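Q: coordinates only, sequence not included:
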């Protein structure tokens with residue numbers, strides 16, 4: 001009996017090790033392999049980001065996306081201006097957002113579904129390409145970090161002081177990201193009754209210290225917005241010129257089309273006019289909206305608001321990069337859809353090992369297909385596409 005127990009424990013340890021090694025290898029291939037030279041050079045968008053973070057005065061005059069710019073500025077002060085170093089900043093932030101996404105799903109759906117949701121999210125081609133970019137577009141994933149920090153602060157009973165300062169950090173990162181302040185305001189309005197008792201659990205001087213840190217951190221942004229109106233407009237997603245009602249409606253339709261059907265034009269992060277999402281993500285998300293609405297309506301509204309915010313921002317500003325915010329939101333619904341199907345399957349076949357194995361195999365096939373699609377799209381096809389090769393040429 002002892003030998004059997006030891007053998008089982010050894011197998012469990014080996015299985016966890018294999019999963020960790022597989023996850024690390026997949027992350028390395030998708031996000032780190034040839035980070036600096038997968039393309040011939042930088043795009044105009046990336047080169048503009050490098051210039052914006054190239055001097056102290058540029059940071060002071062326009063601190064939008066300052067957390068990202070500061071790290072790029074640090075590398076450039078050390079005379080590291082190449083594509084690898086500029087893009088590594090986006091990778092660092094993406095790791096933070098990916099960990100936050102997993103921890104958020106873990107609280108809502110459990111470890112197994114959280115792992116599946118992370119795979120669907122992290123292997124989406126648009127996410128892979130934007131996270132490998134020197135441009136600060138990855139910062140539009142900061143709402144996930146904020147939502148995790150908010151949820152953790154409201155639910156945790158351990159290390160509440162640490163949870164408070166993680167929450168403050170998430171606010172700082174999010175406030176500096178264009179448009180995310182609207183999402184923060186919406187969450188506070190919807191969940192104010194939960195944040196108040198959560199803050200009361202924390203020692204008074206730590207609450208004050210966190211608020212002082214928050215205020216001091218956003219002062220440069222407030223100063224720049226006061227000095228340059230364009231900075232405040234960029235932060236609040238206010239365009240220089242408002243488009244007409246018909247143009248707005250057309251842009252909204254194209255924004256939704258770009259998610260599920262096709263984009264109106266080729267973008268730097270896409271192959272041709274292919275949509276951001278594939279059919280599996282769309283179907284699972286539809287099921288997830290239904291399932292999550294029945295169990296947690298306020299959380300459903302928060303995630304839906306993030307999608308609506310991204311679509312409206314895209315339509316008003318005619319900037320389709322804002323659609324980046326929709327992908328983690330859709331991935332949350334995908335996880336909810338997987339959990340709903342998983343529970344329904346085992347409710348119908350509670351004790352049938354063959355049915356259980358079949359269900360697990362179906363989910364595994366979906367994930368493997370999604371991973372292979374993401375790899376072939378973002379790592380193999382996209383960098384060799386003629387449109388990509390024409391854009392990414394700046395040294």
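A: Received the coordinates, thanks. Here the structure is a predicted model, which is why all the values come from computation and not from measurement.
Q: Below-threshold pLDDT in this structure: ranges please.
A: 1-11, 347-352, 355-356 (pLDDT under 70).
Q: which residue packs closest to the residue most central in space within it, ignoring adjacent ones?
A: By Cα atoms, centre = their mean, the mean C-alpha position of the chain lies nearest to residue 141, the distance being 3.2 Å. Excluding its sequence neighbours, the residue lying closest to residue 141 (Cβ to Cβ, 6 or more residues apart in numbering) is residue 97, at 4.2 Å. For every residue, glycine as well, the C-beta is placed using N, CA and C.
Q: Now do the same contact list for the one you found.
A: Residue 97 makes contacts with 138, 141-142, 144-145, 328, as judged by Cβ atoms under 8 Å, 6 or more residues apart in numbering.
Q: Go through the helix or strand hosting it and flag the buried ones.
A: Assigned by DSSP states H and E, residue 97 belongs to helix 83-109. For helix 83-109, the neighbour count (16 or more other Cβ atoms under 10 Å) marks 83, 85-91, 93-94, 96-98, 100-106, 108-109 as buried.
Q: So which residues make contact with the helix or strand that that helix is followed by?
A: Using DSSP H and E, the next helix or strand after helix 83-109 towards the C-terminus is helix 111-122. With Cβ under 8 Å, 6+ apart as the test, helix 111-122 has contacts from 27, 30, 98, 101-103, 105-106, 109, 127-128, 281, 284, 327-328, 331-332, 334-335, 338-339, 342, 363, 367, 370-371.
Q: after helix 111-122 comes which helix or strand?
A: Downstream of helix 111-122, the next assigned helix or strand under DSSP H and E is helix 125-131.
Q: who does that next one touch, helix- and strand-wise?
A: helix 83-109, helix 353-375 (3 or more Cβ pairs under 8 Å, 6 or more residues apart in numbering; DSSP states H and E).
Q: in the stretch 251-395 of the chain, which spans are helices?
A: Counting by DSSP state H, counting those that start in this stretch, the stretch 251-395 of the chain has these helices, from start to end: 279-295, 297-317, 326-348, 353-375, 386-391.
Q: Skip the chain neighbours and tell me the closest residue to residue 395.
A: residue 41 (5.0 Å).
Q: Likewise for residue 54?
A: Closest to residue 54 by Cβ to Cβ, 6+ apart is residue 76, at 5.6 Å.
Q: and the one you found, what does it touch?
A: Residues in contact with residue 76, defined by Cβ under 8 Å, 6+ apart, are 50, 53-54.
Q: re the thing from before, possible to save the helices and strands packed on helix 125-131 as a markdown table with distance to residue 259?
A: Output for these, formatted as a markdown table (distance: least, Cβ to Cβ, whole Å):
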| stretch | distance to residue 259 |
| --- | --- |
| helix 83-109 | 19 |
| helix 353-375 | 16 |
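Q: Looking at the ones you listed, which is nearest to residue 243?
A: Closest to residue 243 of those, according to Cβ to Cβ: helix 83-109, at 30.1 Å.
Q: Cool, thanks, talk later.
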